[in-house]
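K.L.:
coords please:
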Amino acid sequence: MDFSFTEEQETIGKVARQLFEHRATPEHLFELESGDIRYDPALWQELASSDLLGVALPESVGGTGGGFVDLGVLLAEVGWSVAPVPVYATLLLGADTIARHGDPATRRHYLPGVVDGSRILTAAITEAGRSEPLAPATTARADGDSWRLNGAKTLVPAAQLAHAVVVTATADDGPGLFVVDADDPGVRVTPVQTTNGEPYADVEFRDARARHRLTVGDNPVESLHTRALIGLCAMQIGVAERALRLAASYTSQREQFGRPIGSFQAVQQRMADAFIDTEAIRWTTWYAAWLVDKGRPAQREAAIAKFWAAEAGARVTATAQQVHGGIGIDITYPLSRYFLWAKQIELTLGSASHQLARLGSTYRAGENLEGNQ
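P.N.:
Okay, the predicted model is just below:
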């Protein structure tokens, strides 16, 4: 296996970083965060103009035909700049899912608008009081050539911006994925306050009409969940790397007792531990993404990567804050955003302990523990 990026993937990262660093400045982010919603539509259109919104979508809908690692590279850059754009919600949860599991008509209906920046998508996965996302309580009932959905989803990313929502729901034949247009009269969206200020909402479905069911491929609900976990981890790579970079810059410049605090052994030890944690997030994430790109099972590896993204991500950003001293908790200082993003990612779709519980449940007596074959 080779985890080095291709020339195309490196270009995706470079172009995205240039765009984000130009527009997602601390001053601009502070301005957005002082408003109603943390979203920059002008930056979203710049991503579309730079052909970044189609990096992992098929050429038949205007995309570039890239793979899951390509999308992961873009998500890592979102984390690096804590960029105010719904890349995770639209490209991974929504568009990637429809591209893989939708029929040609569904793909043609939803995906060209994603590529040109005119359509925002998301997916509704989590439910209150229900820790198992693969068995949703939300129901789907056949109604002619469509389905009627009833249930409630919590913390749906960018739901207040989305034009359509991919919904996990249980039909007569088991769990499945259904696409509901956000303007359907049976959809009620209630924005909620989140740790990192990103737009999230609770979404209620009351006989909401889903005109599209995503049935192509095996286990679409499990596939969406696995890729959603890895996407969070990819963003956490960028968050942890940037927090570590800010900490390294500060400790090399801030002086005490006539020398930089970064020369003190205790600080060096904390920074070294944070570096190792960041590398653990990086390598477990790219291994899981590589498996996905190769079409191999990655459920276990996704849980492992999410464990490190949650546990180590929290440690890295806490270390970055602590070596900064008092300024580390100043909300006007850029580092504070990375701490909050790391915390949001840590808890989304299950904390570190939740991932351990999932992993532990797979190891039953007499079960083959050799991993994916």
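K.L.:
Next, residue 36: phi, psi?
P.N.:
Dihedral angles of residue 36 (phi, psi; degrees, to the nearest 10) stand at phi -80, psi -30.
K.L.:
burial of it, as a residue count?
P.N.:
By the measure other C-beta atoms under 10 Å, the count of residues near residue 36 is 9. (Glycine included, C-beta is placed from N, CA and C.)
K.L.:
what does the one 5 residues further on give?
P.N.:
By the other C-beta under 10 Å criterion, the neighbourhood of residue 41 contains 12 residues.
K.L.:
cool, and residue 151?
P.N.:
Considering only other C-beta under 10 Å, residue 151 is surrounded by 20 other residues.
K.L.:
Next: the one 5 residues further on.
P.N.:
Other residues lying near residue 156 total 26 when counted by other C-beta under 10 Å.
K.L.:
Next: residue 43.
P.N.:
By other C-beta under 10 Å, the residues close to residue 43 number 20.
K.L.:
What residues does it make contact with?
P.N.:
19-20, 23-24, 83-85 (C-beta atoms under 8 Å, 6 or more residues apart in numbering).
K.L.:
among the residues you listed, who's most crowded?
P.N.:
residue 85 (30 neighbours).
K.L.:
for residue 21, what are its contacts?
P.N.:
residue 81.
K.L.:
so how far is residue 163 from it?
P.N.:
Computed with C-beta to C-beta, to the nearest Å, the distance linking residue 21 and residue 163 is 29 Å.
K.L.:
re earlier: now flag whichever of the contacts of residue 43 is closest to residue 195.
P.N.:
Using C-beta to C-beta, residue 84 is the member of those that lies nearest residue 195, at 15.2 Å.
K.L.:
Now find how far off-centre the longest helix belonging to the chain is within its chain.
P.N.:
Counting residues, the longest helix found in the chain (DSSP state H) is helix 220-253. Distance of helix 220-253 from the chain centroid (C-alpha atoms, centre = their mean, to the nearest Å) equals 9 Å.
K.L.:
try stretch 154-163
P.N.:
That offset, for stretch 154-163, works out to 13 Å (C-alpha atoms, centre = their mean).
K.L.:
Put the alpha carbons of that stretch into CSV.
P.N.:
Extracted C-alpha coordinates of stretch 154-163, given in CSV (Å, rounded to 0.1, in the frame of the first residue of the first chain):
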residue,chain,number,x,y,z
THR,A,154,-30.7,15.5,15.6
LEU,A,155,-27.7,17.6,14.7
VAL,A,156,-27.9,17.5,11.0
PRO,A,157,-25.0,19.4,9.4
ALA,A,158,-26.0,22.4,7.4
ALA,A,159,-29.6,21.4,7.4
GLN,A,160,-30.8,25.1,7.4
LEU,A,161,-28.8,25.6,4.2
ALA,A,162,-29.6,22.4,2.4
HIS,A,163,-31.8,22.0,-0.6
